[in-house]
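*Asks:* Give me the fold of what follows.
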Amino acid sequence: MRSSDGRRRTRPLLRRVALTGAALLAATAAIPQAEAATARDPGSAPSGGGLSAVIRYTENGVPHILARDYAHLGFGTGWAQAADQVCVLADGFLTVSGERSRWFGPDAAPDGSLSSAAKNLSSDLYFKGVRDSGTVEKLLATPAPAGPSKDVRELMRGWAAGYNAWLAQNRITDPACAGAAWVRPVTATDVAARGFAVSVLGGQGRAVDGIAAAQPPARAVGRPDGTDGTDGTDGQDGSGGPAGQDVDPGAAAEAARQLFDTARYDMGSNAVAFAGSTTAGGRGLLLGNPHYPWQGGRRFWQSQQTIPGELNVSGGSLLGTAVVNIGFNEKVAWSHTVATGTPLNLHQLVLDPADPTAYLVDGKPERMTERKVSVPVAGGGPAVTRSQWWTRYGPVVSNLGPGLPLPWTAATAYALADPNALNLRGSDSALALGRARSVAGIQEALARTQGLPWVNTVAADSAGGTLFTQSQVLPRITDELAARCSTPLGRATYPASGLAVLDGSRADCATGSDPDAVQPGVFGPGRAPALRDAPYAENSNDSAWLANAERPLTGYERIWGTVGTPRSVRTRGALEDVSAMAARGRLTVADLQGQQYANRVPAGDLAAADAAKACAALPGGTAAGSDGAAVDVSAACPVLARWDRTADTTSRGALLFDRFWRKLTASTPAGSLWLVPFSPADPVGTPRTLNQAAPGIGRALADAVAELRAAGIALDAPLGAHQFVVRGGERLPVGGGTEALGVWNKIEAPWNAAAGGYTEVAHGSSHIQAVGWDGSRCPVARTVLTYGQSSNPVSPFFADQTRLFSQERWVTSRFCERDILASPRLKVVLARERR
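*Replies:* Have a look, this model is predicted:
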């Protein structure tokens, strides 16, 4: 028999065992011993054979997976993830197989979770090329530490088997894919391919459209600009390198700055670790608040993974991964934040005048490698076949998004170098973090595995230690190399964004290697910015510089991030909050919970009072909107003045300020907005003091007031009446706010005035954890997975935690056996293969 959410109902024996906690404790304690005996004597295995795991479900559908080794643990994880997220997972496996066009058509858009591809066709051309070239298989075959460990390979093998077993033994009830022919079994290579896609999200994944579109010009001497290439430069500047005259360096620098601006990403995060010197018990505390998409394949999923005597870790996993990515164990807790390091670079090629698919290195031609890729499309029409062009540096690209074209001419082309295309170690890093016993162990684990492609790590431990480290995989581009080898384009983009454009015609301009790096061409862990045992360590997606405002980090290369530059309003607000908390001292997990839901609006503290004064000073209480029409804004002035400066669901004035502030900051340069400019000597306190005379203030007020009135929304309407999600017909108000407001509890939602405001969350607070220790073996942890465990609308775990998040409540983590067994919602599933 099957339950309504597709999970197998508890077997009678286990149901009887579950009647008493003591009996179940004895049974679960015996499981590893029995399975170990099976390993010693395969003939004693159950008649079904194969892999198996015990999954104990507690409140909110959180599975506690018990297994005897990594293959069995992967099996239980794959099974449990499929039970909650089979349709999202199956959709992602179509992506990494390059088969979206076959099932959904070439012009439909993927969900964006595994690459930046605008349409299915370009996504398929890229991922089919990855699969056809055997890239993932080669990485799997690479010995550790450069390649994945045996434990991780076993986890992936087990995950695929568990996913497949769930498919074979259960009926899909999610209407998103029930009965769909594209839901099918997967292999361990498919699981690894998904991990590869996550690894290259910041590199090749950012350039999928540009890789798929890059095609050589006609193989002739003539050039698109009408010249014949005989102007004496051969497409080079005076140094003999590529001239780059086909791209405007100034425009490219601004495009690159925007492209690598973490404030614009659909992923972000806050995390803070507090040292024992600031806490009530002398032990560390960690608050992790990742900002990730609420829909699609980059959702987190919560579990506990246990191999007795080997691993015991609880936390959040990105869908399709077999490990806990952020979480805690009995000694240490960690979270990640999206880092400012630029994980790719470009090499500008000088092409052979006789052949635009050959390029020169030290004067000698090298042929590009042509990879023909064919993609089947829906409707049974002919497959689409395109060529991709690869160099010693990586694929040729035609753009890095619509704002940064990289034209392939008869004289020059651009190759993208992404060191994470050689990195399938992310799961090894996650597994090593789960095994760590201290922040020193966290740092050692990251140095040994070197698998994190685009995130920082913030950690605390039960001994009171703290850690911030930007241990990510970056191309080894020093400031010296950039100064010596940048093309004219690179001399503009590198200072602006960390995007190096190196002279590809010189072998001495290749990235070097550090002796402590596990792969060539990247920085070793000794070069990563790091801060140990500060009273607090915090990051909100700005660079490492102010992980602690009193202990700034400096001396790192530009590619890691900036030093002495303005911080985001969110970073400034976070540093104000956590430094005050550390100074107050005697902190507990309850203080972390309070910080998460405080919903303070730093931009409001900076500007709301002055905005209200500027509003009151407008002649006749009117201002001209963007369309030139006069708008009576007088009613807005007292609303702004009385607003409590929070983004709580009950806050009146928050919505008005939100709409006003977005419009003002989008149209008014920072230099005109503030009377006191940014100062590196006071980076948290500057810029400040709103320029009440800035001409954009009246216009932004007029536009915001007119917009709300046209939608029938009162200027003092409570935020939660117009920032909400609907689940099962129930409207759930959502607190928090957008990046521009600087709210810790970040929420990004598209504005839909006709539907009532912000009616669905696109991305924001996701798997939140507040973790500490009390001296026992059981961590003190509170969590909430804001969008719930399941994407299936008929699952009881579709909206339960969204409701908790709406009410600013938490889930009490059950980590120790006695707590798991005491759960009033305990349900035990014995998942196994049937052969």
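*Asks:* Taking the centroid of this protein, which residue is nearest it?
*Replies:* By C-alpha atoms, centre = their mean, the chain has its centre lying nearest to Met267, at 4.4 Å.
*Asks:* wouldn't that one be in contact with Pro293 here?
*Replies:* Yes. Using C-beta atoms under 8 Å, Met267 is in contact with Pro293, at 7.4 Å. For glycine as for every other residue, the C-beta is placed from the backbone atoms N, C-alpha and C.
*Asks:* Overlap in contacts, those two.
*Replies:* His763 (C-beta atoms under 8 Å, 6 or more residues apart in numbering).
*Asks:* For the stretch 51-200 of the chain, just list every one of the strands.
*Replies:* Listed in chain order, the strands of the stretch 51-200 of the chain (DSSP state E, counting those that start in this stretch) span residues 52-58, 62-66.
*Asks:* repeat for the stretch 451-600 of the chain
*Replies:* Assigned strands in the stretch 451-600 of the chain, in chain order: 455-461, 466-469, 501-503, 530-532, 536-539 (criterion: DSSP E, counting those that start in this stretch).
*Asks:* okay if I get these as TSV plus mean pLDDT, mean neighbour count and distance to Gln304?
*Replies:* Output for those, formatted as TSV (pLDDT from 0 to 100; neighbours: other C-beta atoms under 10 Å; distance: least, C-beta to C-beta, whole Å):
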stretch	mean pLDDT	mean neighbour count	distance to Gln304
strand 455-461	98	30	19
strand 466-469	98	28	23
strand 501-503	98	26	46
strand 530-532	98	20	28
strand 536-539	98	29	26
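*Asks:* With respect to Pro148, which of those strands lies nearest?
*Replies:* Of all the strands of the stretch 451-600 of the chain, it is strand 455-461 that lies closest to Pro148, at 18.3 Å by C-beta to C-beta.
*Asks:* List the strands paired with that closest one, with their directions.
*Replies:* The pairing partners recorded for strand 455-461 under DSSP bridges are strand 332-338 (antiparallel), strand 466-469 (antiparallel).
*Asks:* Wait, Phe798 touches Arg727, no?
*Replies:* Yes. Phe798 is within contact range of Arg727, at 6.8 Å (criterion: C-beta under 8 Å).
*Asks:* And these two? Which one has more around it.
*Replies:* Using other C-beta atoms under 10 Å as the criterion, Phe798 and Arg727 rank with Phe798 on top: 21 against 17.
*Asks:* Need the nearest residue in space to the more buried one, chain neighbours excluded.
*Replies:* Ser790 (5.1 Å; C-beta to C-beta, 6 or more residues apart in numbering).
*Asks:* In three-state terms, how would the one you found be classified?
*Replies:* coil (DSSP: H, G, I helix; E, B strand; the rest coil).
*Asks:* Which other helices and strands does the lengthiest helix in the chain contact?
*Replies:* Longest helix in the chain by number of residues (criterion: DSSP state H): helix 70-97. On a contact count with 3 or more C-beta pairs under 8 Å, 6 or more residues apart in numbering; DSSP states H and E, helix 70-97 meets strand 52-58, strand 62-66, helix 120-132, helix 150-169, helix 188-199, strand 300-307, strand 311-318, strand 827-832.
*Asks:* These into JSON lines, with extra columns for distance to Leu424, mean neighbour count and mean pLDDT?
*Replies:* What follows is those, written out as JSON lines (distance: least, C-beta to C-beta, whole Å; neighbours: other C-beta atoms under 10 Å; pLDDT from 0 to 100):
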{"stretch": "strand 52-58", "distance to Leu424": "24", "mean neighbour count": "24", "mean pLDDT": "98"}
{"stretch": "strand 62-66", "distance to Leu424": "23", "mean neighbour count": "26", "mean pLDDT": "98"}
{"stretch": "helix 120-132", "distance to Leu424": "12", "mean neighbour count": "25", "mean pLDDT": "98"}
{"stretch": "helix 150-169", "distance to Leu424": "8", "mean neighbour count": "23", "mean pLDDT": "98"}
{"stretch": "helix 188-199", "distance to Leu424": "6", "mean neighbour count": "25", "mean pLDDT": "98"}
{"stretch": "strand 300-307", "distance to Leu424": "20", "mean neighbour count": "24", "mean pLDDT": "98"}
{"stretch": "strand 311-318", "distance to Leu424": "15", "mean neighbour count": "23", "mean pLDDT": "98"}
{"stretch": "strand 827-832", "distance to Leu424": "26", "mean neighbour count": "21", "mean pLDDT": "98"}
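*Asks:* now these in CSV, with distance to Arg818?
*Replies:* Output for the helices and strands packed on helix 70-97, formatted as CSV (distance: least, C-beta to C-beta, whole Å):
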stretch, distance to Arg818
strand 52-58, 12
strand 62-66, 12
helix 120-132, 46
helix 150-169, 27
helix 188-199, 34
strand 300-307, 14
strand 311-318, 14
strand 827-832, 16
